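J.: Sequence and predicted structure below; questions after.
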Amino acid sequence: MLTDTGLQKLKPGEKLYKRGDRDGMYVAVLPINRRKQISESGDHTIKVVR
């Protein structure tokens, strides 16, 4: 399951990587500190500002 705490711990790396849950939703963490949330209902991009 993707939780708020788990999402906050994701850090950008040198390459894109994905973390998912059992329901088919996953988050792609991009190297430029953006996260892309993908679900069956659509594609939502979230910019993370720190």
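T.: Thanks, I have the structure now.

J.: Quick check: end-to-end length of stretch 18-27?
T.: 5 Å (CA to CA, to the nearest Å).

J.: Buried residues, that stretch. List them.
T.: Residues Val27 are the ones in stretch 18-27 that count as buried (16 or more other CB atoms under 10 Å). For the C-beta atoms, the positions are set from N, CA and C on the backbone; glycine is no exception.

J.: Report the rounded mean pLDDT for that stretch.
T.: Mean per-residue pLDDT for stretch 18-27: 84.

J.: can I assume Met1 is in contact with Arg22?
T.: Yes. At 7.2 Å, Met1 counts as touching Arg22 under the criterion of CB atoms under 8 Å.

J.: Okay, now the unreliable bits of this protein?
T.: Applying pLDDT under 70 to the chain picks out residues 33-50.

J.: Gln8 - that's part of a helix, no?
T.: Yes. Assessed with DSSP: H, G, I helix; E, B strand; the rest coil, Gln8 lies in a helix.

J.: if I look at it, how far off is Val29?
T.: Counting by CB to CB, to the nearest Å, the gap from Gln8 to Val29 is 12 Å.

J.: Neighbour count: the two, which is higher?
T.: Using other CB atoms under 10 Å as the criterion, Gln8 and Val29 rank with Val29 on top: 20 against 9.

J.: give me phi/psi at that one?
T.: Main-chain torsions, Val29, degrees, to the nearest 10: phi -100, psi 120.

J.: What of Tyr17?
T.: phi -140, psi 160.

J.: Which residue, neighbours along the chain excluded, lies closest to it?
T.: Counting by CB to CB, 6 or more residues apart in numbering, Val29 is the residue found nearest to Tyr17 once chain neighbours are left out, at 5.5 Å.
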